[in-house]
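S.K.: Quick check, what structure comes out for this input:
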Amino acid sequence: MRDRFLARLFGVTLAAGVLTVLWRGLPDLPLWLGTTTDAAPRVVQARGDLAADEKSTIELFEKARHSVVFITTRAQVVDFWTRNVFSVPRGTGSGFIWDDEGHVVTNYHVVEGASEALVKLADGRSFKAALVGTSPEHDIAVLRIGVGFKRPPPVPLGTSSDLRVGQKVFAIGNPFGLDWTLTTGIVSALDRSLAGDGGPSINHLIQTDAAINPGNSGGPLLDSAGRLIGINTAIYSPSGASAGIGFAVPVDSVNRVVPQIIKTGKYLQPVLGIEVDTGANQRLTELTGVEGVFVLGVPRGSAAEAAGLKGVGFARDGSVVPGDVITAVEGQEVKTVEQLLATLDDYRIGDQVRLSVTRGDQQREVRVTLQPGS
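M.R.: This next block holds a predicted model:
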């Protein structure tokens, strides 16, 4: 038995040795056969011309990239023990050149809480930026840099009111710090609203499936003509990375807000001069079954008082007596406070708007001249 086992073991070992010798000798097999292996590089196939859409995309990026900037921010922190103040990195984002005066537009949340910002241009130059002003309601901030005589060109301006679902869009930014990255997609939906992170909701947003990731915030969303149609501002993603659902502030809002920030350092919303509350409005809608925006109060001297609007009152028994309920603005239906504010934001201070109002069983129309908000 032992001799038989040793014989089998010897046979297996011999076979393994033969296979090893053959494996190692395979590269030399052509030499044994009198042939040689051709190790020269393969012939490259001619590609031909790029497709027309590829050429247009390349041209769009090469023209637009110089107008896009990389923003890094720092924040000041105080050491608890020494009380010394330190400047530490806070985050990164994107932005774009707005005009020939060195104004740079980005998102408010990119610079929120920062003590300083550094703007890097596509040619490698970096500049410390001054904060001109912000509009948290639109997630817009305006910075300014001194760029001397070699100013990057502003991004060409487009419109967002005529956008259609399905048209191509292009996003340029710095996702995860990967500077000047181009992604493409389409307009997926229009007039979206997002609840603000502890702040006001942002309305009239453009939804796109162009890949938008952390670091893209503040960068431009362009149409196929290379015109600005929005500012990339947010994504919907359980993982924090792009899930094909991104949002951009429409350029029509940007073109209304940014000039006012540059001029006055802030944005004042056009308002009616009434007191409203989202929670109270929902409860009153449920109690009365009336859909619209309930006027809770009318301050003295306001545009609403001049137009004759009336707020909520109380009966002798303490019950609530509803005042005016706004159901439409210039024929456009409004059911919530957010819808009312978003609709009014399409107008300017001093514009006169026509309101559809109900009070009890009576319906009427009221004209109100919009006043600046606080």
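
S.K.: from here on, contacts and neighbour counts on C-alpha atoms
M.R.: OK.

S.K.: Point out where the stretch 1-150 of the chain drops to low pLDDT.
M.R.: In the predicted model of the stretch 1-150 of the chain, residues 1-38, 78-89, 149 satisfy pLDDT under 70.

S.K.: Which parts of the stretch 251-374 of the chain are strands?
M.R.: Secondary structure of the stretch 251-374 of the chain (DSSP state E, counting those that start in this stretch): strands at 270-271, 293-294, 313-314, 320-321, 325-329, 332-333, 352-359, 362-369, 371-372.

S.K.: Which helix or which strand is home to residue 128?
M.R.: strand 126-135 (DSSP states H and E).

S.K.: how far is that strand from where the chain is centred?
M.R.: 18 Å (C-alpha atoms, centre = their mean, to the nearest Å).

S.K.: Return the list of helices and strands in contact with that strand.
M.R.: strand 116-120, strand 140-144, helix 251-264 (3 or more C-alpha pairs under 8 Å, 6 or more residues apart in numbering; DSSP states H and E).

S.K.: what's in contact with the longest one?
M.R.: The reference is to helix 251-264. For helix 251-264, the external contacting residues (C-alpha atoms under 8 Å, 6 or more residues apart in numbering) are 105, 132-135, 138, 140, 142, 157-161, 228-231, 266-267, 346.

S.K.: got it, and the second one?
M.R.: Contact partners of strand 140-144, identified using C-alpha under 8 Å, 6+ apart, comprise 101-109, 111, 129-135, 254, 258, 261-262.

S.K.: what do you get if the cut-off is 7 Å, keeping everything else the same?
M.R.: By C-alpha atoms under 7 Å, 6 or more residues apart in numbering, the residues outside strand 140-144 that reach it are 102-108, 129-135.

S.K.: Mind picking the two most distant members of these?
M.R.: 102 and 135 (18.9 Å; C-alpha to C-alpha).

S.K.: Domain parsing of this structure, as residue ranges.
M.R.: Per the record, the chain has its domains at 62-144, 168-264, 270-372, by automatic domain parsing.

S.K.: Turn those into JSON lines, including mean neighbour count and distance to residue 42.
M.R.: Converted to JSON lines, these look like this (neighbours: other C-alpha atoms under 10 Å; distance: least, C-alpha to C-alpha, whole Å):
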{"stretch": "domain 62-144", "mean neighbour count": "19", "distance to residue 42": "32"}
{"stretch": "domain 168-264", "mean neighbour count": "21", "distance to residue 42": "32"}
{"stretch": "domain 270-372", "mean neighbour count": "17", "distance to residue 42": "62"}
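
S.K.: Can you show me the CA trace of stretch 65-76 as PDB?
M.R.: Written as PDB, here are the backbone C-alpha positions of stretch 65-76 (Å, rounded to 0.1, in the frame of the first residue of the first chain):
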ATOM      1  CA  ARG A  65     -14.800  77.500 -19.700                       C
ATOM      2  CA  HIS A  66     -13.000  80.800 -19.400                       C
ATOM      3  CA  SER A  67     -16.100  82.400 -17.900                       C
ATOM      4  CA  VAL A  68     -16.400  79.700 -15.200                       C
ATOM      5  CA  VAL A  69     -14.500  80.100 -11.900                       C
ATOM      6  CA  PHE A  70     -13.500  77.800  -9.100                       C
ATOM      7  CA  ILE A  71     -14.400  79.100  -5.600                       C
ATOM      8  CA  THR A  72     -12.800  78.000  -2.400                       C
ATOM      9  CA  THR A  73     -13.900  79.500   0.900                       C
ATOM     10  CA  ARG A  74     -12.500  79.700   4.400                       C
ATOM     11  CA  ALA A  75     -14.000  80.300   7.800                       C
ATOM     12  CA  GLN A  76     -12.700  81.700  11.000                       C
END
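
S.K.: Can you give the contact residues for that stretch?
M.R.: With C-alpha under 7 Å, 6+ apart, stretch 65-76 has contacts from 85-97, 111, 113-122, 152-155, 174, 179-180, 219.

S.K.: Look up how far residue 155 lies from residue 262.
M.R.: To residue 155, residue 262 is 17 Å away according to C-alpha to C-alpha, to the nearest Å.

S.K.: I meant to write residue 307 there.
M.R.: Separation of residue 307 from residue 155 (C-alpha to C-alpha): 42 Å.

S.K.: Ok, residue 352 next?
M.R.: Residue 352 is 33 Å from residue 155, by C-alpha to C-alpha.

S.K.: how far away is the residue nearest to residue 265 when sequence neighbours are not counted from residue 371?
M.R.: With sequence-adjacent residues excluded and distances taken as C-alpha to C-alpha, 6 or more residues apart in numbering, residue 265 is closest to residue 133, at 4.4 Å. Computed as C-alpha to C-alpha, the residue 133 to residue 371 distance reads 21 Å.

S.K.: Just to check, residue 235 is in contact with residue 248?
M.R.: No - applying C-alpha atoms under 7 Å as the test, residue 235 and residue 248 come out as separate, 9.0 Å apart.
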